[in-house]
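**Q** Coordinates for the following, if possible.
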Amino acid sequence: MAAKLELSDPIVNMAQESSIAETDPLQAPEARFECPICLAWLRDPMQTSCGHRFCRKCIQSWLERENACPVDNKPLDKDHDIFPDNFTRREISQQRLKCPNVVRGCLEDLSPLDVEIHLTHCKYGLPKLPENEKLRCNFVIFGCDAKFEDEPEQQRHMEQETQKHLMVNIYSANISSIFETYIK
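**A** Numbering: from 1, shown residues only. Got it, this is the predicted structure:
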């Protein structure tokens with residue numbers, strides 16, 4: 001049986017931390033370049049013996065808890081059934097994205113593999129705000145710890161993470177109703 005992902009899970013955190021995952025939805029990866037675990041561009045792509053692709057960190061973290069593919073539940077051995085997918089890495093490196101700071105004037109076209117590195121020195125990036133001044137996700141009460149430098153960034157997050165937020169909201173509502181019904 002596949003493990004449930006909790007908001008504190010390292011895999012969920014990887015998805016939240018990825019700058020690539022929070023780029024413009026029009027720059028979202030094609031399905032073949034998207035990790036089925038974190039739903040972002042494949043970072044350091046790995047392929048399984050059953051033919052599925054994942055980010056290295058995502059699949060390694062998954063296989064520490066589960067011994068099966070998260071897509072088709074086929075048994076996987078972390079030492080023998082996953083290997084680097086250099087072909088996919090080359091294909092991803094040939095894709096081009098606009099810098100997420102295009103709205104502030106950056107005209108760089110980048111490989112998805114280079115976006116995070118570029119953002120560390122992009123002159124169009126916003127100065128980093130102190131933690132106590134950052135905007136928080138509206139779903140903070142359901143466990144989303146995402147913080148943002150500005151409202152457009154917060155809005156992009158809300159649009160891109162709607163499905164996850166709704167699932168967490170539904171899950172929380174179900175837990176609340178179970179608690180109220182059975183544990184009074």
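**Q** care to break the chain down by domain?
**A** 7-92, 127-184 (automatic domain parsing).
**Q** Deepest-packed of those, please.
**A** Mean neighbours per residue, mean count of other Cβ atoms under 10 Å, is largest over those for domain 7-92, with a mean of 17. Placement of C-beta: from N, CA and C, glycine included.
**Q** low pLDDT regions in this protein?
**A** 1-27, 168-184 (pLDDT under 70).
**Q** Show me the strands in it, by range?
**A** Secondary structure of the chain (DSSP state E): strands at 45-48, 53-55, 82-84, 97-98, 109-110, 135-136, 147-148.
**Q** Of all these, which one comes closest to Tyr124?
**A** Closest to Tyr124 of these is strand 97-98 (Cβ to Cβ; 11.3 Å).
**Q** So which elements touch the closest one?
**A** Judged by 3 or more Cβ pairs under 8 Å, 6 or more residues apart in numbering; DSSP states H and E, strand 97-98 is in contact with strand 109-110.
**Q** re earlier: out of the domains of the chain, which is closest to Ser111?
**A** Nearest to Ser111, of the domains of the chain and by Cβ to Cβ, is domain 7-92 at 7.0 Å.
**Q** Let's have the strands of the chain in a markdown table, adding distance to Lys164.
**A** Shown next, in a markdown table, are the strands of the chain (distance: least, Cβ to Cβ, whole Å):
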| stretch | distance to Lys164 |
| --- | --- |
| strand 45-48 | 22 |
| strand 53-55 | 17 |
| strand 82-84 | 25 |
| strand 97-98 | 22 |
| strand 109-110 | 26 |
| strand 135-136 | 16 |
| strand 147-148 | 16 |
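**Q** Quick check: end-to-end length of stretch 140-153?
**A** Using Cα to Cα, to the nearest Å, the end-to-end distance of stretch 140-153 comes to 16 Å.
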